[in-house]
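Trainee: next come a sequence and a model predicted from it.
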Amino acid sequence: MALHGHTRLELTDVHTGEVQTVEHDNLITNAVSRIFAAFPELMNGRDKLYDGSGSLWSRFYGGLLLLDTAITGDADTLYAPAGVDITGTARYNAVNAGLNTRRGSYNATESALNYEDKELRLVYDFTTSQANGTIAAACLTSRNAAMLGEMPQSCAALTTVVPGEMDFLWGEQINLFPGTKARKFYENYGSPVLVDLDTDTVWCARLVLSTGTKALRLYKAGAQLRSISLLQDAGANRSMGYTLSKEIDLSDIVQSTYTNTVRVDYDEERGRLYVVAGGTSGSTTMKVLEINMADWSQTVYTFTNTLSETLDTTLYSEASPPCIHGKVYNGRLYFRTTAGNLYSVPLEDPTDVTPINRNGLELSTLFDAHHGRIYSSYGNTVRVLDTLKNAVFCTEMGAYHCYDTVPLTGGGPVTLRVRSPYSGDNLNMCYPCVREPYLGSINNLDSPVTKTASQTMKVTYTIRES
């Protein structure tokens, strides 16, 4: 199946009637094909792929992103990099009559789907107050991703149109993915930190913190995402056959045996596993062990706080999902002070501390980090930290199903989200999810256009199948 896309932007001055028209063909990326390829054995449940209207296309191409920067790359460019601003969004079958000045409205009258000719026409309208600013690229994305327009203000007055769902492909699976059923970091085989799809292996990390032993133990087992064994118990307590693959001494970095002062993270973009160790009340030092899982080489970094603010002491808690404090991403350590302020510092230069502009917004549950953005939630909405802008933004995306992410190697836009077994739970709940907002298509205009408050705009996106 080959797709061809074409975009037409019409900007109309409400005072003079002058119409500025911009048209351009676009590139269809490999995002959607890689979603289908992630778990080929499980994609035969077609009912799981359709939305409530029975439409397949709207789930994967039913969102529009208008970006302020052209997206360079090819069909394997699946996300806009950090620093790119989302000027406007729109969502299939959704009208925006609220206070969100980024999102436009679906035009059901002019949109059309011609099954015989295999042509889809999506039309979105923007008022004079919506999507004002620079538009350099128009891209299709999933219908839910249209709710991820990043706004530098509270969403309290906005209505969450997507009532709590990052786009999970199937309902919760407790027994389907047994490799994710490891327990807590301090019990049994630890918690899952990485799934290698090439070898169908899940890696779990267990922290052993006591007076006599301070160690990270890495276990691995068959993930059973690519294949499912017929010769095993299908019950909840099946044996996974975990084997101890590596034990790493943490004596030089662990400053306290309190479990909430040590956390483990994996940065899939760098292929590095991190152990971050803080101290007890009044501690000014955080130590970071970086482990390259390709060759098991190790590097230790030390950050000494010289701010007038005191470091928060809780890096991780088994009783709640992960937070931003102590997160290592893209070579930087993110930390919080007891005053509630956020900062980041490069591991290679622990003196170069950068404040994070929270825009008055709080972060709570930290559930993913990729392509330059860290995703969190607070209350019922998703928050986004742009690591290039060093700023936090609010979105209209609901925060339900935003569990911790277990990275998949080679999985493209698909990942696993796992609810850690806290608060007395015995089992993890696992969701195969689509990472949003992926770029289903990329249409870089010949030159950027600027929409102003004196203009309305109509965006017509046509897709043909050949």
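Mentor: The structure has been received and is ready for your questions.
Trainee: and Gly63, what does it touch?
Mentor: With contacts taken as C-beta atoms under 8 Å, 6 or more residues apart in numbering, Gly63 has the following neighbours: 89-92, 140-146, 437. The C-beta positions use only the backbone N, C-alpha and C, and glycine is treated the same way.
Trainee: which one of those residues has the most neighbours?
Mentor: With neighbours defined as other C-beta atoms under 10 Å, the most crowded of these is Ala146; it has 32 neighbours.
Trainee: related to what we said a few turns ago, okay if I get the contacts of Gly63 as TSV plus distance to Leu361, secondary structure and pLDDT?
Mentor: Formatted as TSV, the entries for the contacts of Gly63 read as follows, by distance: C-beta to C-beta, whole Å; DSSP: H, G, I helix; E, B strand; the rest coil; pLDDT from 0 to 100:
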residue	distance to Leu361	secondary structure	pLDDT
Thr89	19	strand	95
Ala90	24	strand	95
Arg91	22	strand	92
Tyr92	28	coil	91
Leu140	28	strand	95
Thr141	23	strand	93
Ser142	24	coil	89
Arg143	25	coil	87
Asn144	21	helix	84
Ala145	20	helix	87
Ala146	20	helix	87
Pro437	19	coil	90
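Trainee: let's have those in JSON lines, adding distance to Leu333.
Mentor: Formatted as JSON lines, the entries for those read as follows, by distance: C-beta to C-beta, whole Å:
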{"residue": "Thr89", "distance to Leu333": "32"}
{"residue": "Ala90", "distance to Leu333": "37"}
{"residue": "Arg91", "distance to Leu333": "36"}
{"residue": "Tyr92", "distance to Leu333": "40"}
{"residue": "Leu140", "distance to Leu333": "36"}
{"residue": "Thr141", "distance to Leu333": "31"}
{"residue": "Ser142", "distance to Leu333": "32"}
{"residue": "Arg143", "distance to Leu333": "36"}
{"residue": "Asn144", "distance to Leu333": "31"}
{"residue": "Ala145", "distance to Leu333": "29"}
{"residue": "Ala146", "distance to Leu333": "33"}
{"residue": "Pro437", "distance to Leu333": "26"}
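Trainee: and these, which two are the farthest apart?
Mentor: Tyr92 and Pro437 (14.0 Å; C-beta to C-beta).
Trainee: list residues touching both of those two?
Mentor: Shared contacts of Tyr92 and Pro437, defined by C-beta under 8 Å, 6+ apart, comprise 63, 146.
Trainee: Arg417: which of the contacts of Gly63 is nearest?
Mentor: Asn144 (13.9 Å).
Trainee: shouldn't that closest one be in contact with Glu436?
Mentor: Yes: contact status for Asn144 versus Glu436: in contact at 6.0 Å, counting by C-beta atoms under 8 Å.
Trainee: show me what the residue most central in space within the chain bridges to in the sheet.
Mentor: Here the mean C-alpha position of the chain is nearest to the C-alpha of Asp368 (C-alpha atoms, centre = their mean), at a distance of 4.6 Å. Applying DSSP bridges to Asp368 gives these bridge partners: Tyr375.
Trainee: if I look at it, how far off is Tyr274?
Mentor: Using C-beta to C-beta, to the nearest Å, we find Asp368 at a distance of 16 Å from Tyr274.
Trainee: do His371 as well
Mentor: 19 Å.
Trainee: and the two? Which one has more around it.
Mentor: Neighbours around His371 and Tyr274, counted as other C-beta under 10 Å, are more numerous at Tyr274. The numbers are 22 against 16.
Trainee: secondary structure element holding the more buried one?
Mentor: Of the helices and strands defined by DSSP states H and E, Tyr274 is found in strand 272-277.
Trainee: gap between that strand and the chain center?
Mentor: Offset of strand 272-277 from its chain centre (C-alpha atoms, centre = their mean, to the nearest Å): 20 Å.
Trainee: follow-up on the earlier one: what's the closest of the contacts of Gly63 to Asn359?
Mentor: Compare each of these with Asn359 using C-beta to C-beta and the shortest gap goes to Thr89, at 18.4 Å.
Trainee: and Asn260, that one's in a helix?
Mentor: Yes: counting by DSSP: H, G, I helix; E, B strand; the rest coil, Asn260 is located in a helix.
Trainee: tell me, what's the model's pLDDT at it?
Mentor: According to the prediction, Asn260 has pLDDT 87.
Trainee: repeat for the one 10 residues further on
Mentor: The predicted local confidence for Arg270 comes out at a pLDDT of 92.
Trainee: identify the residues contacting it.
Mentor: With contacts defined as C-beta under 8 Å, 6+ apart, Arg270 is in contact with 330-331.
Trainee: now the strands for the stretch 251-400 of the chain?
Mentor: Taking DSSP state E, counting those that start in this stretch as the criterion, the stretch 251-400 of the chain contains strands spanning 262-267, 272-277, 285-292, 297-304, 327-329, 332-336, 342-346, 354-355, 365-370, 373-378, 381-386, 391-398.
Trainee: for the protein, what helix or strand is lowest in average pLDDT?
Mentor: Of all the helices and strands that make up the chain, strand 429-434 has the lowest average by mean pLDDT, DSSP states H and E, namely a mean of 73.
Trainee: ok, then the element right after it?
Mentor: Beyond strand 429-434 in the direction of the C-terminus, DSSP H and E gives the next helix or strand as strand 441-451.
Trainee: just the CA trace of that next one, in PDB.
Mentor: The C-alpha atoms that make up strand 441-451 are tabulated as PDB, following Å, rounded to 0.1, in the frame of the first residue of the first chain:
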ATOM      1  CA  SER A 441       3.300  12.500   7.400                       C
ATOM      2  CA  ILE A 442       5.600  15.500   6.900                       C
ATOM      3  CA  ASN A 443       4.700  18.400   4.700                       C
ATOM      4  CA  ASN A 444       7.400  21.200   4.700                       C
ATOM      5  CA  LEU A 445       6.100  24.300   3.100                       C
ATOM      6  CA  ASP A 446       8.300  26.000   0.500                       C
ATOM      7  CA  SER A 447       8.500  28.900   2.900                       C
ATOM      8  CA  PRO A 448       6.900  29.500   6.300                       C
ATOM      9  CA  VAL A 449       3.700  31.400   6.600                       C
ATOM     10  CA  THR A 450       2.500  33.500   9.500                       C
ATOM     11  CA  LYS A 451      -1.100  33.400  10.600                       C
END
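Trainee: go through it and flag the buried ones.
Mentor: The neighbour-count criterion (16 or more other C-beta atoms under 10 Å) identifies 441-445, 448-449, 451 as the buried residues of strand 441-451.
Trainee: same question for stretch 355-370.
Mentor: The neighbour-count check on stretch 355-370 (16+ other C-beta under 10 Å) flags 356, 358, 361, 363-370 as buried.
Trainee: let's have these in JSON lines, adding pLDDT and distance to Gly279.
Mentor: Supplementary listing: those in JSON lines, determined by pLDDT from 0 to 100; distance: C-beta to C-beta, whole Å:
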{"residue": "Ile356", "pLDDT": "96", "distance to Gly279": "22"}
{"residue": "Arg358", "pLDDT": "91", "distance to Gly279": "25"}
{"residue": "Leu361", "pLDDT": "86", "distance to Gly279": "28"}
{"residue": "Leu363", "pLDDT": "84", "distance to Gly279": "22"}
{"residue": "Ser364", "pLDDT": "79", "distance to Gly279": "24"}
{"residue": "Thr365", "pLDDT": "79", "distance to Gly279": "24"}
{"residue": "Leu366", "pLDDT": "84", "distance to Gly279": "21"}
{"residue": "Phe367", "pLDDT": "83", "distance to Gly279": "26"}
{"residue": "Asp368", "pLDDT": "88", "distance to Gly279": "28"}
{"residue": "Ala369", "pLDDT": "91", "distance to Gly279": "25"}
{"residue": "His370", "pLDDT": "92", "distance to Gly279": "30"}
